[in-house]
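> I would like to see how this sequence folds:
(chains A, B and C)
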Amino acid sequence: MAIPKRMKFSLATLLVQAVFIILYVIFVDYEDAADPTKPKAASPIPTYYPMYQDIHVMIFVGFGFLYTFLQRYGYSGAGYNILLGAVAVQWTLIIRALFFHELASGGRVQMSLTELITGDFNAATVLISFGALIGKTGPLQLLVMVILEVVFANLNEYIGTEHLKVSDVGGSMFIHAFGAYFGLAVSRVLYKEPHESSSNLRAGYLSDIFALIGTIFLWCFWPSFNGGLASEDGRLRAVINTVASLVACVVVTMAISSLLSRRGNFEISHLQNASLAGGVAVGTCANMPIKPWGAMVLGTIAALVSTLGYKYGSDFLAAKMKVHDPAGINNLHGMPGVLAAIAGAAMAALATKDNFGDSLYDIFPARTPSIINGTVYAEDRTAMEQGGYQIAALVTTMTVAIVGGLLTGLVMRLPIWDAPEENDLYNDRDYWDISEHGFPSDPTGLQATSSNSTG
Amino acid sequence: MAIPKRMKFSLATLLVQAVFIILYVIFVDYEDAADPTKPKAASPIPTYYPMYQDIHVMIFVGFGFLYTFLQRYGYSGAGYNILLGAVAVQWTLIIRALFFHELASGGRVQMSLTELITGDFNAATVLISFGALIGKTGPLQLLVMVILEVVFANLNEYIGTEHLKVSDVGGSMFIHAFGAYFGLAVSRVLYKEPHESSSNLRAGYLSDIFALIGTIFLWCFWPSFNGGLASEDGRLRAVINTVASLVACVVVTMAISSLLSRRGNFEISHLQNASLAGGVAVGTCANMPIKPWGAMVLGTIAALVSTLGYKYGSDFLAAKMKVHDPAGINNLHGMPGVLAAIAGAAMAALATKDNFGDSLYDIFPARTPSIINGTVYAEDRTAMEQGGYQIAALVTTMTVAIVGGLLTGLVMRLPIWDAPEENDLYNDRDYWDISEHGFPSDPTGLQATSSNSTG
Amino acid sequence: MAIPKRMKFSLATLLVQAVFIILYVIFVDYEDAADPTKPKAASPIPTYYPMYQDIHVMIFVGFGFLYTFLQRYGYSGAGYNILLGAVAVQWTLIIRALFFHELASGGRVQMSLTELITGDFNAATVLISFGALIGKTGPLQLLVMVILEVVFANLNEYIGTEHLKVSDVGGSMFIHAFGAYFGLAVSRVLYKEPHESSSNLRAGYLSDIFALIGTIFLWCFWPSFNGGLASEDGRLRAVINTVASLVACVVVTMAISSLLSRRGNFEISHLQNASLAGGVAVGTCANMPIKPWGAMVLGTIAALVSTLGYKYGSDFLAAKMKVHDPAGINNLHGMPGVLAAIAGAAMAALATKDNFGDSLYDIFPARTPSIINGTVYAEDRTAMEQGGYQIAALVTTMTVAIVGGLLTGLVMRLPIWDAPEENDLYNDRDYWDISEHGFPSDPTGLQATSSNSTG
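Model prediction:
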């Protein structure tokens, strides 16, 4: 007997959660400072908790409401966001242990505030990819994606940080570019010609204001994202640089948005998205001494690239490359992520003890000179070499993202995962009970009679 | 001459506020660290302020927007929430002084950051109760409730912490279970058969998205609620355990929500509410070393219990016990609060120096061994005894909540408090000036002409 | 050839941003703690960052959503808010350097966390003024206003703090009163008789709930605004006093709102705005030992004044003085700011070593006794003198604000800045592409066909 169609999601999800719990039983402890049987240690709360909570709001309120922009997809946008994010946070801890902490060799994993931040970062990666799949994928397909994407993302970050030894403090390569190109590759595999139900693919006046809630919280808290895991004075620079980049970015976004319109009008989707591109673009070099004006220049370029992307790029991708990108993640995370990687490589290639001071070895550990028998030898890597490795990490990121996304897309395309019906795309109605009033301004909704009295 | 109906609310409220100010003149000082005439003391801001602000957002944004889920009750949901919360914060300081600081014997009260957190906690208690009374009570009735409920709540907490000496760091017994069963008892007393105006008791598509704002902020900041007043390494455990419980809870909530639906659909009210039950369920033992997987198990059970409650429990309560619970507080705060109490008692019964380390006496002070003439005597309480006291506190909580709620309900039922008219239930229109466009999708509203130009 | 109308905004904005970047290249460095070439310094992040982020949310989420209250002006309300705020933050650093850091004599400016807080404070000043101009000004006019207003505001603050040496920790004079009377002066110059398109000047049920998002975040985080730049124990007092003032304020606002209504109903605009007036009223003396009850009294008076203002004052201003104030900034920021100034002056006049302790010279540096050749001389200023200077700062503030606002209004009235058409006031449609569904409950909007698929 076959499992009824929609019960599959429930059973698969419960299975995943059960596996998580078993893995946590076997492998996961508290970090030492939280373990009462270990010697007392300094609490990480003063250092990490305030920024962690800012990041938490970005992931769940920020992305969640940013994805309510479609008029009939608000429940799904915010709802799948929190579901996928919660799966990603749990799964990340296990997967990271495999790659970074040699779990395989018998070690155990420590759940710590910094691991929770990393969990939220991986949730961001997944939720960026979700932006390319909004309205065209069912929850079971998305669950499959989280499970696979977290593996690919950590493989990529492992190569980048452990082997290429690059710096990417705000994750513009490992999170933003990766999440974007992974999601676009999945979207390519799942591409279908527009169906008439694509008429649901439209924002509404009020749903666009809901989306602004997401935008503005992301905009406000982005300094915590780029600075959350930065160390020493790099943390303060990450904050200042990110603010500098974002204030320039939103100003230029409004200017370009108007410039690209025949009537000189603003487009709300530009404000919602492109104004955040500066946070991405400054992410790789946020902790480097790029000077406030350098951050403002990056924010300016990001606004330009991103707004142009929303105006022309998305249509081009869909028409010429069969890559449909409803939330425009290529414009908000993809291209600005590449820009960030290039800026980071350029800074790395220019970094000296003179301009980076003691931060040099904190930011680029591979450049630390070897000391053998008391003799200080030349730096292990030159500035130019470090710059080359930074570019190599971008290339790796693009490769792992696209290959991983294509493979994941092939898995997601299997019919067993219950993709949404073609005549119910971009519509909450397919997977949610819609309250009896139906959608706003939708006269047919007024006739429905189902009850939802428990709020 | 009688006081006109609606002027009563104004005069009563102004009287209450005047009494508060007089009581504060007589009894309330700054805490020492804020008193410039006292010797300098370390500021509590670094330790308590960030979590206080998170909690503040939970109470006023979180509960406030969670209670905007009804299509025609958004002003009241968020508006009464901030009104009741602000009364509760002020009143708590005075009432706590009576119970905890022996104000009666001439002492004075100190207004401190930790007292402000406690004020917000008491506001939460009251606002949980409000969830059972949404749409069926007028502001004057609710004002009466706050005044009485804060007294009963602190009586209960006084018995629990000072006499039974139990641990309940996140207030799952003293705040969540108490607030829920107090509110349900009030709702029982005020019960009326459904009137035709109960057709207003329905959510709308957009009001449900407004409610998600509340949900997601509560979900993000709950670690601060459970950890806000925790001490030492217990604070870090409270954060980690709460995150672990909530990520599992939201995943299981979505799975169960779909499983309970004939079409396999999600219900937005489950996501809005049941996904938070894990924060309640882990509240009593949040600072105990329950391991991350233990927290995930609690979150899983809470999601199951809470979602079942929303699906079947609320209708059962209404039909069989004449307890109407529009926001489903029994499902979000009541049953998960009982679950938390049981989990806390079980942990207490298993707590040893071996598994709790030095935290044992921090969390359960009654277990501290007596030292007499240099000889260390056995712990004052055994683990099993402490577990028994924890259960006793749950029983006390249920008793004080239900008895207190019934008495308060009887007072609130007096006709002098101006309950809403039966034909205007669940409707802002009864107590608010509705702007000239009226409710959305409400054609009759378009004709109104009153002006609201000052925004 | 003339520049096409709407391209002017883009070109002017890009020019402004380019000038900012050039000025930052020439003049702006990191603060020392962020400069890797300087000796290591203690990070300001633990002290300032959490409150900075609260303030950041107030400016961009708080003001932004507060200004979405008009039914057809949500994009502009939140959108111009972030645009103007981002310009103000960048411009403030430069202008402050001119006034406060003697940039003219060759010094350089340091971008620091405290300067970022000051940048947000200046953004608040500008955004308060914006409240009087909502719906009646185009983006280019507003850009002109930011550029000029930041200069006048810093001139005023320079006189107040450097010459009059007054205390105004929460900026109730320098930010709130200044921003309000500057904006009202501009509004006076731009005054036009109501046009039929003024029918757009109305709130809607849902837009009023969006505005409550702004209200509640402002209400929650206001303690960080008043305490952000306070020092020593004054910071803790600022937090406690602001909470005390605001809880009283919201209670009294609801009471007065109902009392002023014939039917005893609440007005949502009162809750949205007047409930915040207590944060303004306590701003000047927030760090002074006014006792919690003193703060509650200030909050009570502010609620009374502000609610009366919303009920009667705005109409009076418009009818008798031709000052139109759509968001009611006179009631939320103007009159409560004056109240704050008077309360601050009274406290200053009563301040002694006995009641202020060591805080006396921290709060009023001009009262520090001179020590010459080891002999301590009398305080440089008596309490009464300091009180007089505080009043002088209020007079200066009103003068600079009104004169500056009138001049700025004359510049903004020049036809080159493209004011909105009279038949498109209070309407996003004039400057924004409105999504194809048009405004909610607007049948004509359903016919539009433009595409907005990129979200």
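> Excluding covalently adjacent residues, which one is nearest to A:Ala42?
Distance criterion CB to CB, 6 or more residues apart in numbering or on different chains; nearest residue to A:Ala42, sequence neighbours excluded, is A:Ala33 at 6.7 Å. No exception for glycine: its C-beta is placed from N, CA and C like everyone else's.
> which regions of the stretch 51-200 of chain A sit below the pLDDT cut-off?
A:102-107, A:196-197 (pLDDT under 70).
> got the residue ranges for the strands in it?
Applying DSSP state E, counting those that start in this stretch to the stretch 51-200 of chain A gives strands spanning A:109-111.
> circling back: give me the distance between the residue nearest to A:Ala42 and B:Ala238.
Counting by CB to CB, to the nearest Å, the separation of A:Ala33 from B:Ala238 is 13 Å.
> of those two, who's got more company?
B:Ala238 (30 against 20; other CB atoms under 10 Å in any protein chain shown).
> all strands for the stretch 351-455 of chain A, in order.
Under DSSP E, counting those that start in this stretch, the stretch 351-455 of chain A gives strands at A:369-372, A:375-379, A:432-433.
> partner strands of the first one, parallel or antiparallel?
Here strand A:369-372 is paired, per DSSP bridges, with strand A:375-379 (antiparallel).
> How about residues contacting the strand it pairs with?
Applying CB atoms under 8 Å, 6 or more residues apart in numbering or on different chains, the contact partners of strand A:375-379 are A:Arg367, A:Thr368, A:Pro369, A:Ser370, A:Ile371.
> Could I get the residues you listed in CSV, plus columns for neighbour count, pLDDT and distance to C:Val400?
Below are the contacts of strand A:375-379 laid out as CSV (neighbours: other CB atoms under 10 Å in any protein chain shown; pLDDT from 0 to 100; distance: CB to CB, whole Å):
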residue, neighbour count, pLDDT, distance to C:Val400
A:Arg367, 21, 95, 53
A:Thr368, 13, 92, 55
A:Pro369, 12, 89, 58
A:Ser370, 10, 82, 62
A:Ile371, 9, 80, 61
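> from the residues you listed, which is closest to chain B?
Nearest to chain B among those, counting by CB to the nearest CB, is A:Thr368 at 31.5 Å.
> How about residues contacting stretch A:150-161?
Residues from elsewhere that reach stretch A:150-161 (CB under 8 Å, 6+ apart): A:88, A:91-92, A:95-96, A:98-100, A:122, A:125-126, A:166, A:168, A:173-175, A:178-179, A:182, A:393, A:396-397, A:400-401, A:404-405, A:408.
> go with 6 Å
The contact list for stretch A:150-161, computed with CB atoms under 6 Å, 6 or more residues apart in numbering or on different chains, reads A:88, A:91-92, A:95-96, A:99, A:122, A:125, A:166, A:174, A:178, A:393, A:396-397, A:400, A:404.
> Show me the two of the residues you listed that sit farthest apart.
A:Trp91 and A:Val166 (24.1 Å; CB to CB).
> tell me the contacts of A:Leu116?
Counted by CB under 6 Å, 6+ apart, A:Leu116 has contacts B:Val243.
> cutoff 7 Å now
Going by CB atoms under 7 Å, 6 or more residues apart in numbering or on different chains, A:Leu116 touches A:Tyr52, B:Val243.
> ok, it to C:Gly264 distance?
Separation of A:Leu116 from C:Gly264 (CB to CB): 49 Å.
> What of A:Leu206?
For A:Leu206, the distance to C:Gly264 equals 31 Å [CB to CB].
> Give me the more crowded residue out of these two.
More neighbours surround A:Leu206 than the other of A:Leu206 and C:Gly264, with 26 against 19 (other CB under 10 Å).
> Which residues are in contact with the nearest residue to A:Ala327 once chain neighbours are set aside?
Once flanking residues are discounted, A:Ala327 sits nearest to A:Gly131: 3.4 Å by CB to CB, 6+ apart. Contact analysis of A:Gly131 by CB under 7 Å, 6+ apart lists A:Tyr67, A:Gly183, A:Ala327, A:Ile329.
> Setting aside sequence neighbours, what's the nearest residue to A:Met111?
In space, A:Met111 is closest to B:Pro292, 4.9 Å off (CB to CB, 6+ apart).
> Could you do A:Phe221 as well?
If the residues on either side of it in the chain are set aside, A:Phe221 comes closest to A:Asp54, at 4.0 Å by CB to CB, 6+ apart.
> Next, count neighbours for that neighbour.
Other residues lying near A:Asp54 total 25 when counted by other CB under 10 Å.
> Please apply the same query to A:Asn373.
A:Asn373 has 4 nearby residues by other CB under 10 Å.
> distance from the centroid: which residue in chain A tops it?
A:Asn373 (45.1 Å; CA atoms, centre = their mean).
> ok, that residue to chain B distance?
Per CB to the nearest CB, to the nearest Å, A:Asn373 is found 42 Å from chain B.
> Kindly report the same for A:Val87.
6 Å.
> downstream neighbour of whichever helix or strand A:Pro223 is part of in the secondary structure list?
Using DSSP states H and E, A:Pro223 sits within helix A:205-227. Per DSSP H and E, the first helix or strand lying C-terminal to helix A:205-227 is helix A:233-259.
> any residue of that following helix up close to chain C?
Yes: contact of helix A:233-259 with chain C (CB under 7 Å from any CB of the partner chain) involves A:233, A:235-237, A:239-240, A:243, A:247-248, A:250-252, A:254-255, A:258-259.
> so A:Asp29 touches A:His101, yeah?
No: if you go by CB atoms under 7 Å, A:Asp29 and A:His101 don't touch, sitting 11.7 Å apart.
> contacting residues around the residue farthest from the centre of chain A?
With CB under 7 Å, 6+ apart, A:Asn373 has no contacts at all.
> Leaving out chain neighbours, which residue sits closest to whichever residue of the stretch 51-200 of chain A sits closest to chain C?
Here the residue of the stretch 51-200 of chain A nearest chain C is A:Phe69; by CB to the nearest CB that distance is 4.6 Å. Distances taken as CB to CB, 6+ apart put A:Ala211 closest to A:Phe69, at 3.8 Å, once the chain neighbours are dropped.
> How are the helices of the stretch 51-200 of chain A distributed by residue range?
A:64-66, A:74-100, A:113-130, A:139-158, A:178-189 (DSSP state H, counting those that start in this stretch).
> hang on, the earlier thing: tell me the average confidence for the helix holding A:Pro223?
For helix A:205-227, mean pLDDT rounds to 97.
> ok and the residue in chain A nearest chain B?
Counting by CB to the nearest CB, chain A gets nearest chain B through A:Arg6, at 1.9 Å.
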